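In: One predicted model, sequence on top.
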Amino acid sequence: MATERTSLFIFFGGTGDLAYRKLYPSMFNLYKRGTLREHFAVIGTSRNKMTDEEFQDAVRKSLGTAKSDKDAEKFISHFAYEAHDVTDKAHYKVLKDRADELDKKFKLEGNRIFYLSLSPNFFGTVAGFLKTEGLTDSQGFNRLVIEKPFGRDYDSAAQLNDALSTAFNEDQVFRIDHYLGKEMIQNIEALRFGNTIVESLWNNRYIDNIQVTLSEKLGVEERASYYDNSGALRDMVQNHIMQIVSLLAMEQPVAFTDVDIRAEKVKALRSLRVYNVADASTNFVRGQYGAGNKQRAYRDEDNVPHDSNNETFVAGKLLFDNYRWSGTPFYIRTGKELADKFTRVDVVFKKPLVDIFAFPQNANAPLEANVLTMFIEPKAGFSLRLNAKTSGQGFQTAPINMDYFVDAAGEKATPEPYERLIHDVMKGDGTNFSSWPEVSYAWKFVDQIRKVWDLQQPAFPNYTPGSMGPAAADELIQRDHREWVYRLNQ
Ligand code: NAD
């Protein structure tokens with residue numbers, strides 16, 4: 001059994017899609033593992049009127065088939081509900097009384113986690129009232145969890161951060177980036193810093209380029225009104241991709257602690273080249289899907305304006321101006337309505353300086369580059385491409401793959417990202433959350449690209465559903481005499 005953690009959770013936006021689909025089922029998993037046991041309680045809040053029993057019914061339903069589990073009823077008995085408009089200052093007193101009551105009942109030691117799973121417009125308001133109305137006066141820890149997006153550019157993010165910091169210190173704020181809760185993202189650190197043969201080659205002497213692909217098969221679905229104001233650059237690059245890239249690029253932390261890891265990620269982001277107008281235009285391309293493959297065009301999706309110039313695809317080249325990475329580009333791409341749903345990192349090593357097998361009489365195919373691929377999802381694992389001799393007479397080389405994939409037992413033992421992240425918040429471990437300096441550097445980088453794009457009229461639509469994005473994404477990397485490792489029809 002895991003160590004029991006003690007806390008009261010107050011979910012703002014507690015009747016929302018995220019809460020029912022991810023948060024409560026993840027908490028039940030934590031209950032099954034023993035992280036949550038006797039000493040926890042949940043207050044769900046939203047504007048809707050509901051009794052505790054009605055809320056408990058909804059939580060029960062959210063557990064899906066797990067609701068018939070023998071422990072489900074005991075778990076649900078820890079849930080309470082308060083109808084609470086987050087803009088109504090006076091009502092925070094009611095919430096405080098309820099929190100104090102549950103604190104006493106379940107012996108929660110004054111530990112409080114305030115989880116903001118609602119529109120980001122309210123983040124600052126809620127944080128401020130939690131402090132001024134005394135909810136953070138309890139004796140234990142007070143932690144604030146916030147969902148993405150954190151601002152829509154550097155200025156709005158800085159404003160939001162200022163609002164939060166009137167009520168919470170940086171080490172009390174947990175900015176969720178659910179990609180950081182994924183098993184294989186966390187494996188980047190294990191693979192790099194646990195293996196001499198990896199880390200000793202992890203630099204521009206041996207690595208030719210690194211490619212990060214976050215490919216989505218679906219379109220905008222029912223998120224169109226949010227997505228059309230955000231776009232792939234803000235929705236995926238500023239947060240998830242920049243986080244993955246900083247884990248790949250950072251130096252070895254002094255120790256495996258949140259403070260040390262964050263310090264190295266920030267240092268890496270500080271050496272990321274922020275583009276001027278000309279470089280942003282050359283090094284980033286955008287796309288929007290048209291109709292094809294039985295899929296309608298983005299501009300014909302519900303709640304998308306017919307003249308929308310929002311991007312549903314981004315590809316780009318990132319350059320770090322530091323000793324480790326100078327001359328080794330990081331290529332990134334992400335988009336909707338692509339060929340398949342997957343996330344992977346391909347680390348392409350340099351070819352041997354001399355190919356001694358390439359004598360004409362051997363007629364051997366040229367050696368291929370070694371590639372270390374980290375499969376993040378849906379399958380988790382990694383694969384190393386090496387050159388080896390083929391069996392038989394004569395001498396021929398061919399690439400072979402050494403693969404490792406998490407097996408079924410491993411998959412079963414792997415916590416859902418939200419389960420892991422909620423657990424981390426209870427432990428007070430900020431490793432897998434975005435710190436303000438990381439968020440701010442990421443915005444400063446992304447803002448430059450946005451600024452250039454906002455001045456230019458894109459030729460949209462420019463890619464077909466089921467492809468890997470516009471031709472410009474291939475041209476971007478081919479210009480450097482390279483190819484995407486993952487390509488269609490190869
Ligand atoms: P949602 O619209 O389904 O839920 C919003 C919740 O906020 C509801 O419970 C609603 O009643 C409540 N609410 C709205 N106005 C309120 C007010 N004035 N006072 C009190 N409560 C109020 O949203 P969601 O999809 O659950 O998303 C919540 C947050 O999580 C957002 O920041 C979103 O960007 C983020 N997020 C969601 C997902 C997802 O899969 N749904 C994924 C990543 C991030």
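Out: Everything's here; your move. All of these numbers come straight from a predicted model, not from anything done at the bench.
In: Going by C-alpha atoms from here, please, whenever you check contacts or count neighbours.
Out: Will do.
In: Contact partners for residue 174?
Out: 143, 144, 145, 146, 425, 430, 433, 434, 435 (CA atoms under 8 Å, 6 or more residues apart in numbering).
In: Count the residues that sit near the fifth one.
Out: The criterion is other CA atoms under 10 Å. On that basis, residue 425 has 20 neighbouring residues.
In: Which strand or helix spans it?
Out: helix 417-427 (DSSP states H and E).
In: centroid residue for the protein?
Out: What sits nearest the mean C-alpha location of the chain, by CA atoms, centre = their mean, is residue 179, with 2.7 Å.
In: quick one: it from the ligand, how far?
Out: 10 Å (CA to the nearest ligand atom, to the nearest Å).
In: And for residue 116?
Out: With CA to the nearest ligand atom as the criterion, residue 116 and the ligand are 7 Å apart.
In: In the chain, where's the longest helix?
Out: If you go by DSSP state H, the chain has its longest helix at helix 436-455.
In: Mean confidence (pLDDT) on that helix, please.
Out: Regarding helix 436-455, the rounded mean pLDDT is 97.
In: Please enumerate residues in contact with the helix or strand just after that helix?
Out: Once the chain leaves helix 436-455, the next helix or strand it forms, by DSSP H and E, is helix 471-478. For helix 471-478, contacts defined as CA under 8 Å, 6+ apart pick out 282, 283, 284, 285, 315, 316, 331, 463, 483, 484.
In: what's the answer for stretch 226-241, then?
Out: 149, 152, 177, 179-180, 212, 214, 220, 304, 308, 310-314, 332, 334-335, 439, 442-443, 446, 450.
In: Any of those residues buried? List them.
Out: Among the contacts of stretch 226-241, those classed as buried by 16 or more other CA atoms under 10 Å are 149, 177, 179-180, 212, 214, 220, 304, 310-314, 332, 334-335, 439, 442-443, 446.
In: if we can go back for a sec, which of the contacts of helix 471-478 lies closest to the ligand?
Out: Comparing the contacts of helix 471-478 against the ligand with CA to the nearest ligand atom places residue 315 closest, at 21.8 Å.
In: The closest one sits in which helix or strand?
Out: According to DSSP H and E, residue 315 maps onto strand 313-318.
In: helix/strand/coil for residue 415?
Out: Per DSSP: H, G, I helix; E, B strand; the rest coil, the secondary structure class of residue 415 is coil.
In: nearest spatial neighbour of residue 186, skipping sequence neighbours?
Out: Excluding the flanking residues, the one nearest residue 186 by CA to CA, 6 or more residues apart in numbering is residue 180, at 6.9 Å.
In: if I pick that neighbour, what's in contact with it?
Out: The neighbours of residue 180, taking CA under 8 Å, 6+ apart as the test, are 186, 240, 243, 417, 432, 433.
In: Quick check: it vs residue 424, distance?
Out: Applying CA to CA, to the nearest Å, the value for residue 180 to residue 424 is 11 Å.
In: can you check residue 114 too?
Out: Separation of residue 114 from residue 424 (CA to CA): 14 Å.
In: who's more crowded, these two?
Out: For residue 114 versus residue 424, neighbours defined as other CA under 10 Å are more numerous around residue 114 (22 against 17).
In: That one: what secondary structure?
Out: The three-state assignment at residue 114 reads strand, by three-state DSSP.
In: what's across from it in the sheet?
Out: residue 10, residue 144 (DSSP bridges).
In: Does it touch residue 10 like I think?
Out: Yes. If you go by CA atoms under 8 Å, residue 114 and residue 10 touch, sitting 5.0 Å apart.
In: For the residue nearest to residue 4 when sequence neighbours are not counted, grab phi and psi.
Out: Excluding the flanking residues, the one nearest residue 4 by CA to CA, 6+ apart is residue 35, at 4.4 Å. Backbone dihedrals for residue 35, given as degrees, to the nearest 10, come out at phi -70, psi -40.
In: and residue 35, how many neighbours?
Out: 21.
In: again with residue 224
Out: 18.
In: Quick check: phi and psi on it?
Out: Dihedral angles for residue 224 - degrees, to the nearest 10 - are phi -60, psi -40.
In: One more: residue 401?
Out: Given degrees, to the nearest 10, the pair of backbone angles that residue 401 has is phi -110, psi 130.
In: That one contacts residue 386, correct?
Out: Yes. The criterion here is CA under 8 Å, and residue 401 meets it with residue 386 at 6.3 Å.
In: Mind pulling up the pLDDT for the residue in the stretch 301-450 of the chain positioned nearest to the ligand?
Out: Residue nearest to the ligand within the stretch 301-450 of the chain: residue 418 (10.4 Å; CA to the nearest ligand atom). If you check residue 418, the pLDDT there is 96.
In: cool, residue 359 as well?
Out: Residue 359 carries a pLDDT score of 69 in this model.
In: Over to the one 4 residues further on?
Out: Per-residue confidence at residue 363 stands at 72 (pLDDT).
In: Roughly how far does it sit from residue 355?
Out: 12 Å.
In: Next: residue 425.
Out: Using CA to CA, residue 425 is found at 51 Å from residue 355.
In: next one: residue 336
Out: 40 Å.
In: Residue 83 is in contact with residue 50, correct?
Out: Yes. Under the criterion of CA under 8 Å, residue 50 makes contact with residue 83 at 6.8 Å.
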